[in-house]
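S.K.: 3D model of this:
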Amino acid sequence: MKRFFVLLLLVLMTALTHASDIRTTKITQVLVGPHYGNNVFLTISRKASDVPTCQTNTRYDYVFDGTTEDGKMTLSVVLAAYATQKDVWLGGKNTCLLHNGVEDLKHIVAK
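M.R.: Reported below is the predicted structural model:
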């Protein structure tokens, strides 16, 4: 019975999170540079409506570390989608740990 309540609590907590999710948008800007360290910032054409409260930056929508193995794969998909202006589906982590005010990117799906 205790496991049931723990599972129920986890489900409820997950339902209350406000990680962003935008299923059809284009990447309009990619920002990198020595001033930003390993971070890669993305601006998108259509904004998500369900952004987390930590998302306060109005210029950039997502950020990820481009130097990790996952980040390198993500960067290649981001650049291909940006260059071809293909639609993408982006999801956030509901955290702004890499850069204050910008949601950390969880996933990207090129369409």
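
S.K.: Show me where the protein dips below the pLDDT cut-off.
M.R.: Within the chain, the set of residues satisfying pLDDT under 70 comprises 1-17.

S.K.: again, 90 this time
M.R.: Low-confidence regions of the chain, defined here as pLDDT under 90, cover residues 1-18, 49.

S.K.: which strand in it runs the most residues?
M.R.: Longest among the strand segments of the chain by residue count, using DSSP state E, is strand 103-110.

S.K.: Which neighbouring elements make contact with it?
M.R.: strand 62-65, helix 69-84, strand 88-92 (3 or more C-beta pairs under 8 Å, 6 or more residues apart in numbering; DSSP states H and E). C-beta here means a position set from N, CA and C on the backbone, and glycine is covered the same way.

S.K.: Same list (those) but as a markdown table, adding distance to Gly101 and mean neighbour count.
M.R.: As requested, the helices and strands packed on strand 103-110 are exported to a markdown table (distance: least, C-beta to C-beta, whole Å; neighbours: other C-beta atoms under 10 Å):
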| stretch | distance to Gly101 | mean neighbour count |
| --- | --- | --- |
| strand 62-65 | 9 | 24 |
| helix 69-84 | 20 | 15 |
| strand 88-92 | 13 | 21 |
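
S.K.: looking at these, which is closest to Asn39?
M.R.: Closest to Asn39 of these, according to C-beta to C-beta: strand 62-65, at 5.2 Å.

S.K.: who does that closest one pair up with?
M.R.: strand 39-44 (antiparallel), strand 103-110 (parallel) (DSSP bridges).
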